[in-house]
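**Student:** need a 3D model of the sequence below.
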Amino acid sequence: MTIDRFVLGLAGTMILLSLILYLVHSPYWLLLTAFVGINLLQSAFTGFCPSAKLLKILGVKPGKAFE
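**Tutor:** Just a heads-up that it's a prediction; the model follows:
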């Protein structure tokens, strides 16, 4: 698995998890959804993704987007 796929999978998982927690516990969990969305948006414009940097340090193979 490459960094690109891992980051997209992580973002999707966090969004779905926050939506489930919103339905079960509290509407404040939507703040996590907003945080993930903002992070994806800034990553699209700047090319900087904190989770991609961490995965690169951990030795995950880079893909085309996060080289």
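**Student:** and stretch 51-67, how far out from the chain's middle?
**Tutor:** 13 Å (CA atoms, centre = their mean, to the nearest Å).
**Student:** need the contact partners of that stretch.
**Tutor:** Around stretch 51-67, the neighbours that count as contacts under CB atoms under 8 Å, 6 or more residues apart in numbering are 1-7, 10, 43, 49. All C-beta spots, glycine's among them, are computed from the backbone N, C-alpha and C.
**Student:** what comes up buried for the helix or strand bottoming out on mean pLDDT in the chain?
**Tutor:** The element with the least model confidence among the helices and strands of the chain, by mean pLDDT, DSSP states H and E, is helix 50-57, at a mean of 91. Applying a neighbour-count criterion of 16 or more other CB atoms under 10 Å, the buried positions in helix 50-57 are 51-52, 55.
**Student:** what's the answer for stretch 28-39, then?
**Tutor:** Under 16+ other CB under 10 Å, the buried positions of stretch 28-39 are 29, 32-33, 36, 39.
**Student:** avg pLDDT for it?
**Tutor:** Here stretch 28-39 scores 95 as its mean pLDDT.
**Student:** can you name the next helix or strand after the longest helix along the chain?
**Tutor:** Residue-count comparison of every helix in the chain, with assignments taken from DSSP state H, identifies helix 3-24 as the longest. Scanning forward in sequence from helix 3-24 by DSSP states H and E, the next helix or strand is helix 30-46.
**Student:** and the contacts of stretch 51-67, which two are furthest apart?
**Tutor:** 1 and 43 (18.3 Å; CB to CB).
**Student:** who has more neighbours out of these two?
**Tutor:** Counted by other CB atoms under 10 Å, residue 1 and residue 43 do not tie: residue 43 has more neighbours, with 18 against 10.
**Student:** for the most centrally placed residue in the chain, list the residues it contacts.
**Tutor:** Using CA atoms, centre = their mean, the residue of the chain that lies closest to the mean C-alpha position is residue 11, 3.1 Å off. Residues counted as contacts of residue 11 (CB under 8 Å, 6+ apart) are 36, 39-40.
**Student:** the nearest residue to residue 50 once chain neighbours are set aside and residue 33, how far apart?
**Tutor:** The shortest distance from residue 50 to any residue that is not its chain neighbour, by CB to CB, 6 or more residues apart in numbering, is 7.5 Å, and that residue is residue 39. Between residue 39 and residue 33 the computed distance is 11 Å (CB to CB, to the nearest Å).
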